[in-house]
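Student: Build the 3D model from these lines:
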Amino acid sequence: MLGWHIDSVVKCGLAGTIFFTWTDEWFTGGEEITDWAFGIVTRDRKPKKAFYAIEEKLGRSDSALPHGPLARAPFVSVIVCSYNGARTLAACLDSLDKLNYPEYEIILVDDGSADDTAYVAAQFPRVRYIHQSNHGLSHARNTGAAAAKGEVFAYTDSDCMADADWLYYLISTLVSGDYAGVGGPNITPPAQNWIQACVAAAPGGPSHVLLTDTIAEHIPGCNMAFYRWACKGVGGFDPEYHKAGDDVDFCWRIQQAGWVVGFSPTAIVWHYRRFTLRAFLKQQDGYGEAESLLRFKHLIFFGPTGTAKWRGQIYGTPRFSWFVNRTVIYHGIFGEGFFQSIYPTPQSDIAAYLSSIEWFALTIFLFGLGIFLPALRIVPYLMLGGTLCVAVSYMVRAPIEPKFDTVRARLLVMLLAFAQPLVRGFSRYFTWLRFKRTPANVIRRHEHLPERGRFAGSLNRRLFWSEQGRDRHYLLGAMFELLDEEGWRYSTDSGWNEWDIQIYGNFWWSIALQTVTEYHGGAKCLTRVRLRNRLVTTTVILNLIAASLLIYRQLNVSHVELWSIAAYVLFLLFLWTRARALKSRVAELVDAAALRAGLQRVTRKQKIAKPAAVAEPAPAINVTDPAAPNLPG
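Tutor: Next up is the predicted model:
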């Protein structure tokens, strides 16, 4: 068993282990304990079998555990992407040059840096230097993959320093199971000043999310490795992500493809956090933007406010919690337990809500409402007090390096804990609103439909007939082509939505498109399309504010003010015209997609429109009910 223990220590990359080597004489209450049989020798100091097992594993004079042989050692391409990262690049490349792994190459992709990145790279002859104009992080990762020769692509950042055994343990885990990729933790190196120590202790740093001890839901881009076939299988990194989020998107697509991402706790990189407060806040702004972009593509993984819904456990710095949520030490019944819990206090959902931008926005709104309603003035103060309590709680629990742990450092951590969710949330919402709107010139553009393809009628529903078995999937495929060609913003059904496509239109409205196909024998099928207007968040907020002010005004005057009611009615009329214009444009888009897919439009008068590809007029269909199960052709 001790032999197995040593093998596990080597395999898992532990820092070390401890053995009871001798059987000591010891006393309790003045009585000698004679039935104590720990150790690798007997009471009279004769070696047990365990002694020879340890001797075989460790040797007599060297207690350093040797690395076990890898089951397989594929050639690895280590890819570093850098943008103006010369400050830490030399330490990064130096650490990669000393990795304990048989065969690997180092590729540095310079994403249009304006600093001394090229000069630093020239100091390392082993590094393959690639320069490109600034296209963003994802594009740089793809550039490195295109130039790589290895079977495995290992990624890290220019502000990281890899442990000497980093690649050894990554590959050891990767080849030990049915994994498409693997990642490890990133740890903050010792801070250089008190500002950096506070930033390292602040919330919002990159961390991994684990489903089990060995399977990850997400691994940070600064410490991950994937097989070439896996990268090719999901199409590489999405170049839409310029600052962050590319690693989250990549991991989710890997898992959606049915593959597994492993986790190696000893494949460590030392990752510098931001050196200045401005850089930290800019990083959080980028994270918020990335969350918003991810929400378009992976709607199922996000809640209604745009925050990610992780299935696994997030590891990293302490989460938001209350003073009363103290860490509990397990000591066993009557204090006779051997072990204590090392798990951190779980995230408090209430504390997370009180520190969110939604809560802060509601607080500001109630402050404004309190101007008109004095009875409400105490409420926003209590709400702000709750937010400050959460920040103070985080300040008390934050792990700051001892030599920088001062009163001003604690106060700065409290400020960062207060500001971080607001900066990230603000960026998330405004990126969502910006990307949620389709450009106005796209909405104003019209489809080139033949005259016989234009119909009047309800904008809410469309009916399409096919005798060639072309069902709704053909229509949806043509819709996706048109949406992409023209530059529309949209989301697709993730499997949990009641719509097929949600099309984001103007500042006020979006459109939800639903389809269903009825099969009428053989290849005959009727496809129904329904279009529904959906309110955008800004529309709801502005209506609530306008309605609140209108009601307050009417309650505090002696007569009905028709001008204020008329103004609000005109606003509602404006919203209705915008909704109808957008729905009309989307209905036109559906008709164009149907023509492209070879479907024939059925009007309210139960006639089939002639498709553009048909030279002769199509015969009319005489139907009393288009929903009838036996629709004649």
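Student: Following the chain past the helix or strand containing Ile130, name the next helix or strand.
Tutor: Using DSSP states H and E, Ile130 sits within strand 127-132. Downstream of strand 127-132, the first helix or strand assigned by DSSP H and E is helix 137-147.
Student: what bits of the stretch 301-450 of the chain have low per-residue confidence?
Tutor: 304-306, 316-328, 339-348, 435, 450 (pLDDT under 70).
Student: Can you spell out which residues form a bridge with Ala216?
Tutor: Leu210, Val261 (DSSP bridges).
Student: burial measure for Asp178, as a count.
Tutor: 7 (other CB atoms under 10 Å). (Each C-beta comes from the backbone N, C-alpha and C, glycine too.)
Student: Next: the one 4 residues further on.
Tutor: Using other CB under 10 Å, Val182 has 30 other residues around it.
Student: does the closest residue in space to Arg528 that isn't next to it in sequence sit in a helix, a strand or a coil?
Tutor: Spatial nearest neighbour of Arg528, chain neighbours left out: Val516 (5.1 Å); criterion: CB to CB, 6 or more residues apart in numbering. Classification of Val516 by DSSP: H, G, I helix; E, B strand; the rest coil places it in strand.
Student: quick one: contacts for Val516?
Tutor: 472, 527-528 (CB atoms under 8 Å, 6 or more residues apart in numbering).
Student: now, among these, which is nearest to His520?
Tutor: Closest approach between the contacts of Val516 and His520, by CB to CB: Thr527, at 11.2 Å.
Student: Tell me which entries of the contacts of Val516 lie within strands.
Tutor: 527-528 (DSSP state E).
Student: For the contacts of Val516, give me JSON lines that also has pLDDT, distance to Thr188 and neighbour count.
Tutor: Formatted as JSON lines, the contacts of Val516 follow (pLDDT from 0 to 100; distance: CB to CB, whole Å; neighbours: other CB atoms under 10 Å):
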{"residue": "Arg472", "pLDDT": "92", "distance to Thr188": "52", "neighbour count": "23"}
{"residue": "Thr527", "pLDDT": "93", "distance to Thr188": "56", "neighbour count": "24"}
{"residue": "Arg528", "pLDDT": "92", "distance to Thr188": "56", "neighbour count": "17"}
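Student: you'd agree Ser113 is in a strand?
Tutor: No: using three-state DSSP, the assignment for Ser113 is coil, not a strand.
Student: Pull the contacting residues for the closest residue to it other than its chain neighbours.
Tutor: Nearest in space to Ser113, with sequence neighbours left out and distances taken as CB to CB, 6+ apart, is Asn84 at 4.8 Å. Contacts for Asn84 (CB under 8 Å, 6+ apart) come out as 113-115, 117.
Student: Look at Asn84 and report its pLDDT.
Tutor: Model confidence at Asn84, given as pLDDT, is 89.
Student: Likewise for Val614?
Tutor: 36.
Student: cool, and the one 3 residues further on?
Tutor: Predicted confidence (pLDDT) for Pro617: 35.
Student: what secondary structure does the residue positioned nearest the centre of the chain sit in?
Tutor: By CA atoms, centre = their mean, the chain has its centre lying nearest to Val248, at 4.4 Å. With three-state DSSP as the basis, Val248 sits in helix.
Student: mind checking how far it is from Trp432?
Tutor: 16 Å (CB to CB, to the nearest Å).
Student: got the buried residues for the top helix by length along the chain?
Tutor: Counting residues, the longest helix found in the chain (DSSP state H) is helix 562-597. Going by neighbour count (16 or more other CB atoms under 10 Å), the buried part of helix 562-597 is 575, 578-579, 582-583, 585-597.
Student: same deal with stretch 234-248?
Tutor: Neighbour-count burial for stretch 234-248 [16+ other CB under 10 Å]: 234, 236-238, 240-248.
Student: Among those residues, list the two that are farthest apart in space.
Tutor: Val234 and Lys243 (20.5 Å).
Student: Any idea what Phe27 is bridged to?
Tutor: Glu32.
Student: Return the distance of it relative to Leu422.
Tutor: 61 Å.
Student: Between those two, which has more neighbouring residues?
Tutor: Looking at Phe27 and Leu422 with other CB under 10 Å, you find the greater number of neighbours at Leu422, namely 19 against 8.
Student: Distance-wise, check the closest residue in space to the more buried one that isn't next to it in sequence relative to Trp259.
Tutor: Leaving aside its chain neighbours, Leu422 sits nearest to Ile357 (5.2 Å; criterion: CB to CB, 6+ apart). Taking CB to CB as the measure, Ile357 falls 35 Å from Trp259.
Student: what do you get for Ala546?
Tutor: With CB to CB as the criterion, Ala546 and Trp259 are 50 Å apart.
Student: again with Val9
Tutor: From Val9 to Trp259 the distance is 30 Å (CB to CB).
Student: the more surrounded of those two?
Tutor: The residue with more neighbours, out of Val9 and Trp259, is Trp259; 18 against 15, by other CB under 10 Å.
Student: A strand includes Pro206, no?
Tutor: No: with three-state DSSP as the criterion, Pro206 is coil rather than part of a strand.
Student: coming back round to it: what packs against the longest helix of the chain?
Tutor: Other elements packing on helix 562-597 under the criterion 3 or more CB pairs under 8 Å, 6 or more residues apart in numbering; DSSP states H and E are helix 440-444, strand 461-466, helix 472-486, strand 509-519, strand 525-535, helix 537-555, strand 600-602.
Student: List phi and psi for Ser491.
Tutor: phi -130, psi 150 (degrees, to the nearest 10).
Student: Cheers, nothing more for now.
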